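>>> Sharing a model prediction with you, sequence too.
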Amino acid sequence: MLEQEVWVDEGGAINTQPPPPETSVGIKEISRDEDTGEVTLKISPIYGDEVRYEIGDREPSTASGSVGNAPGGYKAFKTKDLCLRFKCFDTQGKNNQGASILWNNKIVLKHRVFQDSDEWKVEFKAIPKGEIRYTTDGSDPKSYGGIYDSPFTVLESTRFVLAIAQSDGIVSEVEKIDTEQHRKKGGIIDIIKPDLPATWNCKRRGLTAREAYEFIEQLEKYQGTAYGVSLVVTASDESGDVSYDAAPECGFGGTEIRELLQHLQKTFKEGQGSQVSLDVGKVTLEHSQSLKDWFAALKYQPKPGEVQQ
């Protein structure tokens, strides 16, 4: 009866008439459009049958917008908003009313460095939106940055441009642009300092099983740490799938990703077969020489802005 949640263990005493559970909401990010910032969410009512939502931090009521009537519904709810609050209701009145759940989107700051006649210029875009602040002297853009409104000229003496975007209390990661990587002719590998740590914004998407295991082997060999890890394993007959989405701040070594992937693959019956999709946002390495060796093995020339030190 304990397993069926009919009785409740309250510190050793069994309550045979526990109060009804409280309603809640399950929220899972399914996908994100990197160009528009539109997010697709799976919304799950818990101990209830109807989820309502409000844009911003307003408390939802039974008169608020219905997830079921929104584009995509519960399985593929779509939004570009930065902040939403969801609340689950039990219209049958069997369970107690639970608290609402706040969901925050994220702001991604993108940039473009281009040459206009003899001048180099920088252009920023906040996705889906946000006020952009930047500095050209290496100082913190959140505290000391000027407001960005249009592409600006980067002086020859400026090596780094730092920028952030913020709106509704949500702040993007700091975008660091090494202008020398763009001015350098013939590639950027030669200006990577081998003794300093490095971040490779690899942005690998949809790696297949073979590609995923090759990437894992390289990550192990060069002792990198991967962030923005997302794994999906789908049965070959499409009868089901399992997935794992890591928090942005969680880093994984190659061996850890290998073990996680193998664990997900074992979900399906032996001989059933499965398809793999691996996403990785970035890789950090303690010494940049390892990254240079990795690039050499791949015969790969990184693009300007792809490597940060």
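Arrived safely, thanks for sending.

>>> Number of residues surrounding residue 60?
Using other C-beta atoms under 10 Å, residue 60 has 22 other residues around it. Bear in mind the C-beta positions are built from the backbone N, C-alpha and C, glycine included.

>>> Check what pLDDT it gets.
pLDDT for residue 60: 97.

>>> just so I have it, where are all the strands in the stretch 101-250 of the chain?
Ranges of strands in the stretch 101-250 of the chain, per DSSP state E, counting those that start in this stretch, are 101-104, 108-116, 119-127, 131-135, 146-147, 152-154, 160-167, 170-171, 175-178, 198-200, 204-207, 225-227, 230-235, 241-245.

>>> residues making contact with the fifth one?
Right, the one you point to is strand 146-147. Residues from elsewhere that reach strand 146-147 (C-beta atoms under 8 Å, 6 or more residues apart in numbering): 131-135.

>>> could I get the residues you listed as CSV with distance to residue 66 and neighbour count?
Shown next, in CSV, are those (distance: C-beta to C-beta, whole Å; neighbours: other C-beta atoms under 10 Å):
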residue, distance to residue 66, neighbour count
131, 32, 14
132, 35, 23
133, 38, 20
134, 41, 22
135, 45, 19
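
>>> What is the nearest of those to residue 125?
residue 132 (8.3 Å; C-beta to C-beta).

>>> how far away is that closest one from residue 109?
Between residue 132 and residue 109 the computed distance is 7 Å (C-beta to C-beta, to the nearest Å).

>>> so what's in contact with those two at the same time?
124, 126, 163-165.

>>> What is the nearest of these to residue 240?
Closest to residue 240, out of all of the shared contacts of residue 132 and residue 109 and judged by C-beta to C-beta, is residue 126, at 37.6 Å.

>>> Looks like the closest one contacts residue 106 (just checking).
No. Residue 126 is beyond contact range of residue 106, at 10.9 Å (criterion: C-beta atoms under 8 Å).

>>> so what sits against both of these two?
Common neighbours of residue 126 and residue 106 (C-beta under 8 Å, 6+ apart) are residue 172.

>>> more neighbours, these two?
residue 126 (21 against 16).

>>> quick one: the helices in this structure?
Assigned by DSSP state H, the helices in the chain fall at 141-144, 179-183, 209-221, 254-265, 288-298.
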